[in-house]
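Visitor: Take this sequence and fold it.
(one chain, ligands or ions: 1)
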Amino acid sequence: MTDLTLRDIHLSRGRRPVLNGVSISFAGGRLTALIGPNGAGKSSLLSVAAGLLPPDAGEVRLGGEPLSAIGRKALARRRAYLPQSPQVDWPISVERVVALGLTAHLPAFGHLPLALHGAIDRALADHDLLELRDRPATSLSGGELARAMLARATVADPELLIVDEPTAGLDPRHAIDAVARLRARADAGRTVIMAIHDLDLALRVADDVVAVRDGQLLAAGPAAAILVSDVLERLYDVRARVVRDQEGVSIRFGR
Ligand SMILES: Nc1ncnc2c1ncn2[C@@H]1O[C@H](COP(=O)(O)OP(=O)(O)OP(=O)(O)O)[C@@H](O)[C@H]1O
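Guide: Take a look at the predicted model:
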């Protein structure tokens, strides 16, 4: 299993400091939820963790190796990243969108190897996309496109999976299915990190929670220790109550 470690990360965007000395380790085989208010720096942190945005200072290591020392193709084979608002700019089929997630595993020329067809079929089925496989991705609804993009990010079963708001735009059934599949990937030994605003879903599946505010870590640890009133009130500046009943645990916010 592969750990991802960030050490003393500093990042400015448009001259504004957005990450100020973030150090954190994401353990292999665990699902970590990254939470925090709008503009806290979650997406920036995930982009740095994925090796897509070089930090101004600090270092990211994957399995002990600096990301900067891992070749681009090798990194593309080992990690997948789902951006916050993915887009498709031209009308390729849903099946082709999902197949793009296998690009780093393909020979440079020739047909898609038969062995990879099964992975595409599984990803389409997992994300309830079988009936949409031949539709142009540009014709999908917001939630359907979000599912196609999640299928693309997961089709190669990467050892490091970084997803930015994977449930945004999904209805309750698809959102629950999506986080359950992320949970299953962590159970299979992958390192899974998701930024998420739906804390009830985070409570349901996350092993660990990392709370970020103003570009700094406010708290990090096991989900049950971080998703508590005191931490959530300091994180979001609203009243927060963790409610336990026969249905399970949920979080209620109020002002
Ligand atoms: N391309 C950019 N240029 C300049 N500033 C940026 C850029 N992208 C993000 N920022 C700023 O960086 C800060 C952190 O943004 P980031 O997207 O990482 O926050 P976030 O925690 O993911 O927020 P949200 O919950 O709203 O998605 C914000 O102040 C944002 O305005």
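Visitor: how much space between the residue lying closest to E144 once chain neighbours are set aside and G143?
Guide: Distances taken as CB to CB, 6 or more residues apart in numbering put L132 closest to E144, at 6.2 Å, once the chain neighbours are dropped. All C-beta spots, glycine's among them, are computed from the backbone N, C-alpha and C. Applying CB to CB, to the nearest Å, the value for L132 to G143 is 11 Å.
Visitor: Surely A148 touches D128?
Guide: No - taking contacts as CB atoms under 8 Å, A148 lies outside contact range of D128: 10.2 Å.
Visitor: These two: which has the busier surroundings?
Guide: A side-by-side neighbour count of A148 and D128, using other CB atoms under 10 Å, places A148 first with 27 against 15.
Visitor: Give the burial count for the residue nearest to P136 when sequence neighbours are not counted, as a bare number.
Guide: Closest residue to P136 in three dimensions, ignoring its sequence neighbours and counting by CB to CB, 6+ apart: P91, at 3.7 Å. The criterion is other CB under 10 Å. On that basis, P91 has 11 neighbouring residues.
Visitor: who's in contact with P91?
Guide: When the contact criterion is CB atoms under 8 Å, 6 or more residues apart in numbering, the partners of P91 are P136, A137, T138, S139.
Visitor: hang on, the earlier thing: more neighbours: L132 and G143, which one.
Guide: Neighbours were tallied for L132 and for G143 using other CB under 10 Å; the higher tally belongs to L132 (21 against 15).
Visitor: For that one, give its distance to the ligand.
Guide: L132 sits 27 Å away from the ligand, taking CB to the nearest ligand atom, to the nearest Å as the criterion.
Visitor: That residue and A148 touch, don't they?
Guide: Yes - using CB under 8 Å, L132 makes contact with A148 at a distance of 7.4 Å.
Visitor: I'm done for today, thanks for sticking with me.
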